[in-house]
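Engineer: got a structure for you, letters missing:
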């Protein structure tokens, strides 16, 4: 029995009827849609009435999803809205097969022989046959869809001697999932390679590929990489979900004082602004947020990236292609002939790119780029090591931002707890003063955060606005510790501790994420954030 009410167009912008509560689907309607399809389009067939299929959809305006259901069911579709919690319950109860359950069923079909088999003996035709098995296709689809739903950034499929592991990187931390049987490894790898347009017959050299799929009405791009190991190919899929990326500096966790500095840098007519940090620290996202903020139809913005991770509206984006001679350096030379106002270089990796970048900033362009250094001030020494003259660097460098990412506390289970003794011993007197009652906020774990206590990530930043004193010190080729003392900026660790004190993140996350910075500072004989 289904109960529903029709909303007016003023009460519901979609203008579609919707279910007041959870409906009871008819078995003949449910059978028209597979588990994978229902989960992907976020819809559940409810009933067949007069040759029309009534469907409960999270987004009734998802025309592509409705068309897909209509084609699969072979009849017109009547779209109804439904609350997310009701849809989630319906999917769980009626299409509740998870990747783990499906893998377990497939594992039961194993003949109990040598799970490794002889990978060299499996020819390409056999791999194709295995990879095109409907149940295997559903398994790989479910692995990907569950990863997207759980906010995964990377899927790792790793073969070992006696097992095959599947791991999701969620909020920067790898979490092992219930893994498929070892004997499915060649088929799973081959299925991913087919989806990514890769050569499944070649198993002994690294390959790269790309998958585009639609999930809940939005496009998700997946970069696929395979490398051969002694037990088969290791597969990593990086999920690039454009709608999940936050392109606002405030939402990324940047404090107002730092945002004010960044706003000033973004408004400059020319000069160089650098963002530093290791791989995966969110540098590209920060640059995208800056470009989004300064975009105007009156400005010509061009980027050269390796690769282009997200498409930005109104921005000309160029992907690096070394095989065809398009490197950062050659691309940057061509960009200068395109009359740009703002340029973003994905990374300065060598002397040639550094030299062209500096000269671009000198000739009236605002240039953004990234470097791999531990902290902000070390970027100066890195560019000098590449051969950039100190007086030129001092002339063009306007700002440097360094960052790390830490896990954000889940708001649904946040609670105050005493700080542990080991953690207290790792904190400085200044940091302890931020927690006068010796308690801090943590997440205890709940259904909302999958019992991890964390949901999402927050940035820890240090921002240097190049002052006349710092500019002079750069020109005089001062050492990194001396430059740090002149800059007097707030360190990433201090920024993180301020956020831990406000309940955004945990002290332990700050210590974990900034450990490499503190170690480097100790080696250099200075403490970032302390002015001389």
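Structural biologist: Received it, and whenever you're ready, just let me know what you need. In this text, all values refer to a predicted model and were calculated from it rather than measured experimentally.
Engineer: tell me which residues of stretch 428-447 are tucked away?
Structural biologist: 431, 435, 440, 441, 442, 443, 446 (16 or more other C-beta atoms under 10 Å). Using the backbone N, CA and C atoms, a C-beta is placed for each residue, glycine as well.
Engineer: now, those that are in strands?
Structural biologist: With strands taken from DSSP state E, the overlap with the buried residues of stretch 428-447 comprises 440, 441, 442, 443.
Engineer: now for the residue lying closest to the last one once chain neighbours are set aside, how many residues are close by?
Structural biologist: Looking back up the chat, that one is residue 443. The shortest distance from residue 443 to any non-neighbouring residue, by C-beta to C-beta, 6 or more residues apart in numbering, is to residue 453 (2.8 Å). Neighbour count for residue 453, taken as other C-beta atoms under 10 Å: 19.
Engineer: confirm for me that residue 453 is in contact with residue 442.
Structural biologist: Yes - look at residue 453 against residue 442 with C-beta atoms under 8 Å: they come within range, at 6.2 Å.
Engineer: joint contacts of those two?
Structural biologist: Applying C-beta atoms under 8 Å, 6 or more residues apart in numbering, one finds that residue 453 and residue 442 are jointly contacted by residue 409.
Engineer: need the pLDDT of the residue nearest to residue 443.
Structural biologist: Per-residue pLDDT puts residue 453 at 94.
Engineer: from the buried residues of stretch 428-447, pick the one nearest residue 493.
Structural biologist: Taking C-beta to C-beta as the measure, residue 493 lies nearest residue 431 of these, at 8.1 Å.
Engineer: how far away is the closest residue to that closest one other than its chain neighbours from residue 214?
Structural biologist: Once flanking residues are discounted, residue 431 sits nearest to residue 497: 5.0 Å by C-beta to C-beta, 6+ apart. Distance of residue 497 to residue 214, given as C-beta to C-beta, to the nearest Å: 42 Å.
Engineer: among those two, which residue is more densely surrounded?
Structural biologist: Neighbours were counted for residue 497 and for residue 214 using other C-beta under 10 Å; residue 497 has more, 25 against 14.
Engineer: tell me if I'm right that the more buried one and residue 506 touch.
Structural biologist: No - counting by C-beta under 8 Å, residue 497 stays clear of residue 506, with 10.6 Å between them.
Engineer: re earlier: and the residue nearest to residue 443, what does it touch?
Structural biologist: 409, 410, 413, 442, 443, 444, 445.
Engineer: okay, who's weakest in the residues you listed by pLDDT?
Structural biologist: Out of these, that is residue 445, at 92.
Engineer: touching, that residue and residue 415? I think so.
Structural biologist: No - the criterion here is C-beta under 8 Å, and residue 445 misses it with residue 415 at 10.3 Å.
Engineer: quick one, strands of the stretch 151-300 of the chain?
Structural biologist: 152-159, 164-170, 173-176, 207-215, 218-229, 232-241, 271-276 (DSSP state E, counting those that start in this stretch).
Engineer: comparing those strands, which comes out most buried?
Structural biologist: Compared across the strands of the stretch 151-300 of the chain, strand 271-276 shows the largest average neighbour count, a mean of 24 (mean count of other C-beta atoms under 10 Å).
Engineer: elements contacting it?
Structural biologist: helix 283-294, helix 351-362, strand 366-371, helix 378-385, strand 397-409 (3 or more C-beta pairs under 8 Å, 6 or more residues apart in numbering; DSSP states H and E).
Engineer: what sits up against whichever helix or strand comes after the first one?
Structural biologist: Tracing the chain C-terminally past helix 283-294 and defining elements by DSSP states H and E, one meets strand 301-305 next. With contacts defined as C-beta under 8 Å, 6+ apart, strand 301-305 is touched by 284, 291, 294-295, 312, 314-320, 328, 331-332, 335, 338, 340-346.
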